[in-house]
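Enquirer: Structural data only, the sequence is not supplied:
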């Protein structure tokens, strides 16, 4: 039997794929951990995979790879899609697809499969990565190709001896390093909000707490003075801040396939880090660095969302973003409160708000009154000329 690698999550769609494809192929099920999986959950997925008849199951730990390939640049760019969403799930899919195709090539698989439907973004992200990195490997998508309903999948599995509880959860939750998406009946409407119980993290802390986030060249290197790898600091901060039910929102955006989509999410660490990092940048970067970073970071987030991670322009933008972080070093003080947080301030040896050059609105130390008048006169020249010519 020919080798086939299946992107496997343990859900209904990928379980259907595992059972049906095992009749024709030697199925190697692969799941990629980009954060959010416990050891017990991974073990449960493995057990279920073998129940579905796969030949082999592998879980790839890609948390560090996810941070270094993608999350780091989302922080450098302060990327929030539509000024709201930190690209939690869409950014994960890119790294998952890369890891899966690399594994497929390592075992000389001729086929690769995933359980995406024909109505979402993930089919585009997976297929584009697979086609780009391994054009010789054929892609199989049973759910999309057969347009199967949930009922048809369950009946097929029962007929093949797999009689598990496939009751659809009221809310679909996808947890990862950079945030958790939450979907439900409410997010299929334009007017309903998600209820409190839909969010995985509930409010348990009510007393305000100040935390110190330390950045070194744009990367978060310590929380409250304790140094660790950036990805570990993200997990630690999320554990602390999620107890305040921080980072909840609903994102409305344009999907890759051209329809509007709405999804709830909670991303306490992501939102706090992005806002804290941005505050530190406002103190340490010039106004033109900040200006050009904004639109390049916006393009970076858009291309990532659209599945265009492998386009060379992404490496070009990453190089710019990394260069911009040379002096983004210092501490940011953040106070956590129920459902929100406040940025208290920063300390940095690269702080450009140095009082020896002057205090805004108070006193000037670097120029005289006459020099200020001359500067203003020359600065206004173009508008004066325009208005005199065209009045």
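Expert: Good, I have the coordinates. Nothing here was measured: the structure is a model prediction, and the numbers come from that model. Numbering: from 1, shown residues only.
Enquirer: so how far is stretch 295-307 off the chain centroid?
Expert: 12 Å (C-alpha atoms, centre = their mean, to the nearest Å).
Enquirer: List the buried residues for it?
Expert: Under the neighbour-count criterion of 16 or more other C-beta atoms under 10 Å, stretch 295-307 has 296, 297, 298, 300, 301, 303, 304, 305, 306, 307 buried. For the C-beta atoms, the positions are set from N, CA and C on the backbone; glycine is no exception.
Enquirer: Report the rounded mean pLDDT for that stretch.
Expert: If you average the pLDDT over stretch 295-307, you get 96.
Enquirer: Show residues contacting that stretch.
Expert: Under the contact criterion C-beta atoms under 8 Å, 6 or more residues apart in numbering, stretch 295-307 has outside partners 70, 73-74, 76-81, 87, 90-91, 93-94, 121, 124-125, 128-129, 253, 256, 309, 311, 313-314, 317-318, 320-321.
Enquirer: The protein: helices as residue ranges?
Expert: 12-21, 39-51, 63-66, 72-76, 88-106, 122-133, 142-146, 150-159, 230-241, 268-284, 287-305, 312-324, 369-379, 381-390 (DSSP state H).
Enquirer: who wins for proximity to residue 199 among the ones you listed?
Expert: helix 268-284 (10.6 Å; C-beta to C-beta).
Enquirer: Just to check, residue 180 is in contact with residue 266?
Expert: Yes - applying C-beta atoms under 8 Å as the test, residue 180 and residue 266 come out as touching, 5.2 Å apart.
Enquirer: any shared contact partners between those two?
Expert: 200, 201.
Enquirer: sorry, back to before: can you turn the buried part of the contacts of stretch 295-307 into a PyMOL selection?
Expert: Here is the PyMOL command that selects the buried residues among those (16+ other C-beta under 10 Å):
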select buried, resi 70+73+74+76+77+78+79+80+81+87+90+91+93+94+121+124+125+128+129+256+309+314+317+318+320+321
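Enquirer: center of this structure, which residue is that?
Expert: Centroid-nearest residue in the chain, with C-alpha atoms, centre = their mean: residue 88, separated by 2.9 Å.
Enquirer: Not counting residues beside it along the chain, what's closest to it?
Expert: residue 179 (3.1 Å; C-beta to C-beta, 6 or more residues apart in numbering).
Enquirer: measure that neighbour to residue 75 for me?
Expert: 13 Å (C-beta to C-beta, to the nearest Å).
Enquirer: Residue 183 now?
Expert: Taken as C-beta to C-beta, the span from residue 183 to residue 75 is 25 Å.
Enquirer: Ramachandran angles for residue 353?
Expert: Main-chain torsions, residue 353, degrees, to the nearest 10: phi -90, psi 50.
Enquirer: got a pLDDT number for it?
Expert: On the pLDDT scale, residue 353 gets 90.
Enquirer: Any figure for the gap between it and residue 290?
Expert: Distance from residue 353 to residue 290, by C-beta to C-beta: 14 Å.
Enquirer: do residue 380 as well
Expert: 24 Å.
Enquirer: So these two - more neighbours on which side?
Expert: residue 290 (15 against 11; other C-beta atoms under 10 Å).
Enquirer: need the contact list for that one.
Expert: 281, 282.
Enquirer: how long is stretch 170-185 end to end?
Expert: 8 Å (C-alpha to C-alpha, to the nearest Å).
Enquirer: Give me the contact list for it.
Expert: With C-beta under 8 Å, 6+ apart, stretch 170-185 has contacts from 34-37, 63, 66-67, 71, 74, 86-89, 91-92, 192, 194, 198-201, 231, 234-235, 247, 263-267, 269-270.
Enquirer: Just the buried subset of those, written out for ChimeraX, thanks.
Expert: Per 16+ other C-beta under 10 Å, the buried members of the contacts of stretch 170-185 correspond to this ChimeraX selection:
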select :34,35,36,37,63,66,67,71,74,86,87,88,89,91,92,194,198,199,201,231,234,235,247,263,264,265,266,267,269,270
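Enquirer: Return, as residue ranges, the portions of the protein with sub-threshold pLDDT.
Expert: Applying pLDDT under 70 to the chain picks out residues 355, 358-359, 361.
Enquirer: domain assignment for it?
Expert: 3-159, 172-285+327-347, 357-390 (automatic domain parsing).
Enquirer: if we can go back for a sec, the residue nearest to the centre of the chain against residue 271, yeah?
Expert: No - Residue 88 lies out of contact with residue 271 (C-beta under 8 Å); the separation is 10.3 Å.
Enquirer: ok, now which ones touch residue 50?
Expert: By C-beta under 8 Å, 6+ apart, the contact set of residue 50 is residue 57.
Enquirer: Identify the residues contacting residue 285.
Expert: Contacts of residue 285 (C-beta under 8 Å, 6+ apart): 293, 324, 327, 328, 352.
Enquirer: thinking again about what came up before, so how far is residue 251 from the residue nearest to the centre of the chain?
Expert: For residue 88, the distance to residue 251 - C-beta to C-beta - is 9 Å.
Enquirer: joint contacts of those two?
Expert: Shared contacts of residue 88 and residue 251, counting by C-beta under 8 Å, 6+ apart, come down to residue 265.
Enquirer: Alright, calling it a day.
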